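Asker: Could you look at this predicted model? Sequence included:
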Amino acid sequence: MIYLDNAATTLHKPRAVEEAVRQAMHGAAGYARGGHAAALCAGETVYACREQAAALFGVEDPARVVCTMNATHALNLAIHALVQPGMRVAVGGYEHNAVMRPLTLRGIDPVVLDTPLWDAEAMVEAAQQALDDGAELMILNHVSNVFGYAAPLDAIAGLLDAAGVPLLLDASQSAGMIDLDVRRYPCLAAVCMPGHKALYGPQGTGLLLALDDRIAAHPLLAGGTGSLSEQMAQPEFLPDALESGTPNVPGIAGLAAGLAFVRAVGPAHMLAHERRLAAETARALERETRIECFAHPAQTGVLSFRVPGVPSETVAEALARQGVAVRAGLHCAPLAHRTAGTEQTGTVRLSFSFYSTVHQAEQAAALIGETVKKL
């Protein structure tokens, strides 16, 4: 199988990730639930993950690294804490439903930075207009899960810093693949990410970098934390305020190994590899006149295309029968498709990882070309 659905979940992990999960399953028990060796091992395992993430993202206090089930969990925690009824919220035009649905649940109809695909200057101008119109919080998808479009974070963060408006960053597609040092962006209130994508951890893991103290003051869940058990009130300090219940220690152990792998290889090196594969694949697909390819020199390792007159799902199903794993449709991001003008058709998405090879990209492009001719 040629696996090109890494924007959903990276299938191929470093061997150290599997080994870390196995070791934790056999040696780590209840995190913060005892003083015996197995419980202490769990504590050390989880703290090691916090330290790895803090080092990768420039978080000065590892306690601000909160372990979650996935990016959706992290985003819900942050949105629950930061968004108040009636607040004026601005969002980028490429947001995932993990942002839009929590906002809808809170009765928020956000201002959307509705700007053309790849037009960074227009997005910055739209962000300034949203601020001029009174936006109190901005939520920004760092990299689109549909098109691989990286938002102009530096420029938008500069506007937010000047206006004193906080930023909630959805780093679902960028964490581990684009260098991100939170110390560069004073406006950052929170950064949310999954563990199972470009951080090469297991499914069922994620991280919330809780940089704003308000997040700890408004937990989404309450329950046992192993601390202050005599009190009925939820602990107010991080990470306990946001980590009720027994955590996924084996998954967190694997995520720590994935983070160590990313730090050793380097996000910039990973980005260069994925970007090269996406660019070469795009050039090959663009030779087929029936294929409309959404490509740009600045995109990351995500590439979308569509075949006018043919449902995207039909193309993806035909490729799956030939052993090419891709994803088709709206990718849980209808807003991104609405912004890019592909809402009615969706797209077929190819997404690469550090383990993807040039040979796989060439094979996939050839099979896509043959499939489109038959359709």
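Answerer: Sure, I can see it. As the structure is a computational prediction, the values presented were derived from the model and not from experiment.
Asker: To what extent is residue 151 buried, counted in neighbours?
Answerer: By other CB atoms under 10 Å, the residues close to residue 151 number 24. Any C-beta I mention is one placed from the backbone N, CA and C, and that applies to glycine too.
Asker: what's in contact with stretch 229-244?
Answerer: Contact with stretch 229-244 is made by 50, 61, 63-67, 77, 208, 210, 215-217, 219-228, as judged by CB atoms under 8 Å, 6 or more residues apart in numbering.
Asker: Derive a PyMOL selection command for the buried subset of those residues.
Answerer: Here is the PyMOL command that selects the buried residues among the contacts of stretch 229-244 (16 or more other CB atoms under 10 Å):
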select buried, resi 50+63+64+65+66+67+77+208+210+215+216+219+225+226
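Asker: which element is the residue lying closest to residue 191 once chain neighbours are set aside on?
Answerer: Leaving aside its chain neighbours, residue 191 sits nearest to residue 209 (4.1 Å; criterion: CB to CB, 6 or more residues apart in numbering). Using DSSP states H and E, residue 209 maps to strand 206-210.
Asker: May I have that strand exported as PDB, CA atoms only?
Answerer: Extracted in PDB, the C-alpha atoms of strand 206-210 (Å, rounded to 0.1, in the frame of the first residue of the first chain):
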ATOM      1  CA  GLY A 206      -2.700  15.300  21.900                       C
ATOM      2  CA  LEU A 207      -1.300  18.400  23.600                       C
ATOM      3  CA  LEU A 208      -2.600  21.700  24.700                       C
ATOM      4  CA  LEU A 209       0.000  24.400  25.400                       C
ATOM      5  CA  ALA A 210      -1.900  26.400  28.000                       C
END
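Asker: quick one: buried residues of the lengthiest helix in the chain?
Answerer: Looking across the chain with DSSP state H, the single longest helix is helix 37-57. Buried residues in helix 37-57, counted by 16+ other CB under 10 Å: 39, 41-43, 45-50, 52-54, 56-57.
Asker: need the contact list for the residue nearest to residue 191.
Answerer: Residue 209 touches 53, 57, 59, 64-66, 182, 188, 190-193, counting by CB under 8 Å, 6+ apart.
Asker: now do residue 200
Answerer: Counting by CB under 8 Å, 6+ apart, residue 200 touches 10, 13-14, 17, 176, 258, 261-262, 354.
Asker: circling back: now, which of the contacts of stretch 229-244 lie within strands?
Answerer: Judged by DSSP state E, these include 65-67, 208, 210 as members of strands.
Asker: Name the SS class of residue 124, please.
Answerer: With DSSP: H, G, I helix; E, B strand; the rest coil as the basis, residue 124 sits in helix.
Asker: And the residue nearest to it when sequence neighbours are not counted, how close does it get to residue 141?
Answerer: Spatially, and ignoring its direct neighbours in sequence, residue 124 is nearest to residue 155 (4.6 Å; CB to CB, 6+ apart). Distance, residue 155 to residue 141, by CB to CB, to the nearest Å: 15 Å.
Asker: and what of residue 63?
Answerer: Residue 63 sits 27 Å away from residue 141, going by CB to CB.
Asker: And the helices in the stretch 151-300 of the chain?
Answerer: Secondary structure of the stretch 151-300 of the chain (DSSP state H, counting those that start in this stretch): helices at 153-163, 213-217, 249-265, 267-285.
Asker: In terms of secondary structure, what does the first one contact?
Answerer: Think helix 153-163. Helix 153-163 sits against helix 120-132, strand 137-141, strand 167-170, with contacts defined as 3 or more CB pairs under 8 Å, 6 or more residues apart in numbering; DSSP states H and E.
Asker: domain parsing for the chain?
Answerer: Listed domain ranges for the chain are 15-265, 267-374 (source: automatic domain parsing).
Asker: Mind putting these into JSON lines with distance to residue 1 and mean pLDDT?
Answerer: Formatted as JSON lines, the domains of the chain follow (distance: least, CB to CB, whole Å; pLDDT from 0 to 100):
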{"stretch": "domain 15-265", "distance to residue 1": "18", "mean pLDDT": "96"}
{"stretch": "domain 267-374", "distance to residue 1": "5", "mean pLDDT": "97"}
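Asker: For residue 2, find the nearest of these.
Answerer: Nearest of the domains of the chain to residue 2, taken as CB to CB: domain 267-374 at 4.8 Å.
Asker: Centre of the chain to the closest one, how far?
Answerer: 19 Å (CA atoms, centre = their mean, to the nearest Å).
Asker: Please name the nearest non-neighbouring residue to residue 185.
Answerer: Nearest residue to residue 185 in three dimensions, chain neighbours excluded: residue 157, at 4.5 Å (CB to CB, 6+ apart).
Asker: who's in contact with the one you found?
Answerer: Taking CB under 8 Å, 6+ apart, we find residue 157 in contact with 167, 184-185, 187-188.
Asker: Residue 14 too?
Answerer: 200, 257-258, 261.
Asker: Can you select the buried ones from these in ChimeraX?
Answerer: Those of the contacts of residue 14 that count as buried under 16+ other CB under 10 Å are selected in ChimeraX with:
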select :200,257,258,261
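Asker: Please render the contacts of residue 14 as JSON lines that adds distance to residue 371 to the earlier fields.
Answerer: As requested, those are arranged in JSON lines below (distance: CB to CB, whole Å):
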{"residue": "200", "distance to residue 371": "30"}
{"residue": "257", "distance to residue 371": "37"}
{"residue": "258", "distance to residue 371": "33"}
{"residue": "261", "distance to residue 371": "34"}
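Asker: what's the closest of the contacts of residue 14 to residue 73?
Answerer: Using CB to CB, residue 258 comes nearest to residue 73 of those, at 17.4 Å.
Asker: Turn the contacts of residue 209 into CSV, including distance to residue 124.
Answerer: Putting these into CSV (distance: CB to CB, whole Å) gives the following:
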residue, distance to residue 124
53, 29
57, 24
59, 26
64, 28
65, 30
66, 30
182, 20
188, 17
190, 22
191, 20
192, 22
193, 23
